[in-house]
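A.B. asks: quick one, fold the following:
(one chain, ligands or ions: 1)
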Amino acid sequence: MPSAGTPKLGFIGTGIVGSALARALVHAGYDVTAIHNRSPEKAANLAASLEGAHAVDSAQSVVDGADIVFLTVPDDAIEALCRSLNWSMSGTIESQSGSMPCTTAHAVVHASGAASIDILQAARDQGSSVGAFHPLQTFASPNQALKNLPGSAFAIEASDPSLEKQLDGMARALEGTPLVLDGDKALYHASAVLACNNLVTLLDAAAGLWDGLGLSKAEGLRALLPLVRGTIENLESVGLPNALTGPVARGDVGTVERNLAALARHDPTSADLYCELARRTIPIARAKGTLDAGGAERLLGALEAYGKTSENDREAG
Ligand SMILES: NC(=O)c1ccc[n+]([C@@H]2O[C@H](COP(=O)([O-])OP(=O)(O)OC[C@H]3O[C@@H](n4cnc5c(N)ncnc54)[C@H](OP(=O)(O)O)[C@@H]3O)[C@@H](O)[C@H]2O)c1
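C.D. replies: Numbers count the residues shown, from 1 in each chain. You can find the predicted model right below:
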């Protein structure tokens, strides 16, 4: 639950992440007050489903009506959107000596995993706190996104300790683990892309081979998914490098050669991918202790021999 003095949250951008975060935060007890989206019907639908939330006509109205504003638009649009808004809210404070002008600072937060808070400099220049709140999770469908969020890590960055504390609290309220990174954020995001998006690419390649087996790609994917789940469970229970199994881990050079020959016949680009990944798998198998130096040499030899043959084939073709 958020602490007393709960901030009013606003969202600009109600795509998959903006909608899921807004819903999850309301569910966790936060107040989402103002919502805006380029296509207004999406903001209206989201606001209608959240108690206390209102769809507003302009992005500026979100800024004017919220304490913490989430810019949940595509990464490449965040900086320009931030620059287009007025972040210094002018007003007056009544005191015993009369009224005096003041500005109320906002906090503005983006959800990009690759960009730092520097892209929010325009708001910072106007006195706002700036932050980033990146759920290390994949948002492909709204309901699945909500199911996936608990247990996720959230990379947090903030220009000041007070906003960092608020974002830390939000991550915990969403049953997640806050992470403060020290280093190049694009490297963190590249790690996420390799683990998540490229897993999809890998399964697209793997399932695509099933049309050479008399079954569709969809049937292939269905058959492969329990294997993927088993692999993930092994990664959870025994970790790296012990989760590694298969021909490279065993030093089965003949099987690797048979795999490559079949791939070369059906899908040469997947054969290249297999070779590159097998090269990266050899040190994991060595670290696990199931592949000796001689086995590693023989595997590398088979991969190089395949590389030379495919290069010659390409030159000849
Ligand atoms: N998807 C993920 O798995 C994931 C995971 C973690 C973090 N993120 C981050 O979350 C942020 C939002 O990503 P998303 O996946 O939610 O994107 P999305 O589903 O494509 O939604 C983008 C939203 O921004 C609006 N928009 C697009 N271009 C705009 C522009 N130039 N100016 C103003 N609004 C614009 C869109 O409005 P319309 O409805 O009018 O098109 C839409 O509501 C990004 O920073 C992304 O890196 C994504």
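
A.B. asks: any figure for the gap between Asn37 and Glu236?
C.D. replies: Taking Cβ to Cβ, to the nearest Å as the measure, Asn37 and Glu236 are separated by 37 Å. C-beta coordinates here come from the backbone N, C-alpha and C atoms, glycine included.

A.B. asks: for Asp313, that is, sorry about that
C.D. replies: Distance of Asp313 to Glu236, computed by Cβ to Cβ: 41 Å.

A.B. asks: just Thr33 next, same as before
C.D. replies: According to Cβ to Cβ, Thr33 stands 39 Å off from Glu236.

A.B. asks: would you map the helices across the stretch 151-300 of the chain?
C.D. replies: With DSSP state H, counting those that start in this stretch as the definition, the stretch 151-300 of the chain shows helices at residue ranges 161-173, 185-192, 198-208, 217-238, 247-250, 253-266, 268-288, 293-316.

A.B. asks: ok, which of those helices comes nearest the ligand?
C.D. replies: The ligand sits nearest to helix 185-192 of all these, at 8.2 Å, using Cβ to the nearest ligand atom.

A.B. asks: right, is the closest one up against the ligand?
C.D. replies: No. Contact of helix 185-192 with the ligand (Cβ under 6 Å from any ligand atom) is absent, the minimum separation being 8.2 Å.

A.B. asks: now the angle from that helix to helix 198-208?
C.D. replies: Inter-element angle recorded for helix 185-192 and helix 198-208: 30 degrees (by axes from the mean of the first three to the mean of the last three Cα atoms, to 10 degrees).

A.B. asks: quick one: contacts for the closest residue to the ligand within the chain?
C.D. replies: Across the chain, no residue is closer to the ligand than Gly15, which sits at 1.7 Å (Cβ to the nearest ligand atom). Taking Cβ atoms under 8 Å, 6 or more residues apart in numbering as the contact definition, Gly15 lies against Asn37, Lys42, Thr72, Val73, Pro74.

A.B. asks: ramachandran coordinates for it?
C.D. replies: Main-chain torsions, Gly15, degrees, to the nearest 10: phi -80, psi -150.

A.B. asks: of the contacts of Gly15, list those near the ligand.
C.D. replies: Of the entries in those, the ones placed beside the ligand under the rule of Cβ under 6 Å from any ligand atom are Asn37, Lys42, Thr72, Val73, Pro74.

A.B. asks: need those in a markdown table with secondary structure, pLDDT and neighbour count, can you?
C.D. replies: What follows is these, written out as a markdown table (DSSP: H, G, I helix; E, B strand; the rest coil; pLDDT from 0 to 100; neighbours: other Cβ atoms under 10 Å):
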| residue | secondary structure | pLDDT | neighbour count |
| --- | --- | --- | --- |
| Asn37 | coil | 98 | 25 |
| Lys42 | helix | 97 | 18 |
| Thr72 | coil | 98 | 24 |
| Val73 | coil | 98 | 24 |
| Pro74 | coil | 98 | 11 |
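
A.B. asks: between which two of the residues you listed is the distance greatest?
C.D. replies: Taking every pair in the ones next to the ligand among the contacts of Gly15 and measuring Cβ to Cβ, the maximum separation is 14.4 Å, between Lys42 and Pro74.

A.B. asks: can you list the weak-confidence ranges in the stretch 101-250 of the chain?
C.D. replies: Along the stretch 101-250 of the chain, segments meeting pLDDT under 70 span 101-105.

A.B. asks: and it, which residues reach the ligand?
C.D. replies: Proximity of the stretch 101-250 of the chain to the ligand, by Cβ under 6 Å from any ligand atom, involves residues His110, Ala111, Ser112, Gly113, His134, Pro135, Thr138, Phe139.

A.B. asks: from these, which land in strands?
C.D. replies: Taking DSSP state E as the definition of strands, these contribute His110, His134, Pro135.

A.B. asks: got a list of what the first one touches?
C.D. replies: Contacts for His110 (Cβ under 8 Å, 6+ apart) come out as Phe70, Leu71, Thr72, Ile78, Ile117, Ile119, Leu120, Gly131, Ala132, Phe133.

A.B. asks: which of those has the most neighbours?
C.D. replies: Neighbour counts for the contacts of His110, by other Cβ atoms under 10 Å, peak at Leu120, which reaches 28 neighbours.

A.B. asks: cool, thanks, signing off.
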